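**Q** The following comprises the amino acid sequence and a computationally predicted model.
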Amino acid sequence: RLVTAQGDPVLDAGRRPITAANGAVDPRRIGVVGLTNPRKEGGSLLTGTPAGAGTGTVRSGAHLGSGVDVQSFRRIRDQFIDLQYRGQNTNFGEWTARATALDQAESTLSEPGENGINQQLSEFWDAWSDLANANGSDDVVAAKQAVVEKGAALADAFKTVRAQIGLVQSQTYAEYADVAGPAGEIAQISKDIADLNDTIKRYITTGDVPNDLLDRRDLLLDQLSECGQISVEGQADGTINVSFVDKAAAGTTYPIVTGTTAWAGPPAGGAWSPGGRLGALLEVSKPGGTLDGYLNTLDTIATNLALAVSSPPSGACSRPRSPSRSCPRPRTLTSQRP
């Protein structure tokens, strides 16, 4: 017969491990993100001998253990790892967005291909060579017409490529505006963080620690870090203030969440450098940015080519010609901005 000080130690000892095991997977305590977070962070519980648990003896004085009980819950977060992860996530977002935009621009060149500028240039120079070596008036007339046609085709190739790069530029800027705008992805994430700030504050002020809500907020910060370099400042009431850091202006920040106030939109005119996905989209598409530089280079090449073939040096030809032929003067090759 089992002698107990109070209750039934057998049932108590069996019940407590089950209760502790349930606590180990309770999303309200360890956080639902802790169960699915790819970074393998979340929460844990600390167990120990229950205070004041009774013990009993069996037969010849053997003692029955009193089981375990949940003493506290603890979030597993490493601030250093958070900073490192979010920093690398910012770099990942930046280079992914940049590569996507530039891949689209590269595809407009159609190189190598039959319709690319390189092929059109080759055919244009071949037409000049044929004109320089033409004999007889009929051959000369046909060769001149071929030069004009190939020149027009080359000009169209320049204009087509320019228009397509301009389209990629406008689409890239539209994506930036969608992500950063008042109704975009950043606005939605900031609203969710602001709402969590409000709820977490109410829990903290009553002495409770809502691990699941804290985990959800950290996951949102991880997602936000892909859009740009962020700064997070914890407050005594459990809320956080989040800002974008301007990479080009030391000490300059742009608030994303302040307490329960969410994102209102980016600076007017795109006069900032947040890094990440936002920074790449802006840098590629803004006036004076990467794609604008490509357009200017394309314009310069087309203009110089047009000037070179429209006004060749007096007494000289840039392509081989018949000794009896003077240098031909073709129509002007132009490539205009749309």
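**A** Right, received. Where do you want to start? Numbering: from 1, shown residues only.
**Q** What mean pLDDT does the helix or strand encompassing Gln88 get?
**A** For Gln88, the host element (DSSP states H and E) is helix 79-107. Mean pLDDT, helix 79-107: 94.
**Q** same check, this time on stretch 288-300
**A** Here stretch 288-300 scores 94 as its mean pLDDT.
**Q** what sits up against it?
**A** With contact meaning Cβ atoms under 8 Å, 6 or more residues apart in numbering, stretch 288-300 is reached by 98, 101-102, 105, 158, 161-162, 165-166, 168-169, 172, 282-286, 335, 337. Where C-beta positions appear, they are placed from N, C-alpha and C, glycine not excepted.
**Q** what ranges do the strands span in this structure?
**A** Using DSSP state E, the strands of the chain run over residues 2-4, 42-48, 56-58, 62-64, 69-76, 230-234, 240-245, 253-258.
**Q** Let me see the ranges of the helices in this protein.
**A** 9-24, 27-30, 33-36, 79-107, 117-132, 137-180, 185-205, 211-225, 276-285, 290-310 (DSSP state H).
**Q** So, low pLDDT: which residues of this structure?
**A** 1-74, 311-338 (pLDDT under 70).
**Q** what is the orientation angle of the helix holding Gln88 with helix 290-310?
**A** Angular relation of helix 79-107 and helix 290-310 on a 0 to 180 degree scale: 30 degrees, by axes from the mean of the first three to the mean of the last three Cα atoms, to 10 degrees.
**Q** So which elements touch helix 79-107?
**A** Applying 3 or more Cβ pairs under 8 Å, 6 or more residues apart in numbering; DSSP states H and E, we find helix 79-107 packed against helix 137-180, helix 211-225, helix 276-285, helix 290-310.
**Q** Just send those helices back as CSV, with distance to Thr205 and mean neighbour count too.
**A** Below are the helices and strands packed on helix 79-107 laid out as CSV (distance: least, Cβ to Cβ, whole Å; neighbours: other Cβ atoms under 10 Å):
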stretch, distance to Thr205, mean neighbour count
helix 137-180, 34, 17
helix 211-225, 14, 22
helix 276-285, 34, 25
helix 290-310, 49, 16
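**Q** I'd like those helices written out as JSON lines, with distance to Phe80 added.
**A** Output for the helices and strands packed on helix 79-107, formatted as JSON lines (distance: least, Cβ to Cβ, whole Å):
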{"stretch": "helix 137-180", "distance to Phe80": "28"}
{"stretch": "helix 211-225", "distance to Phe80": "14"}
{"stretch": "helix 276-285", "distance to Phe80": "20"}
{"stretch": "helix 290-310", "distance to Phe80": "34"}
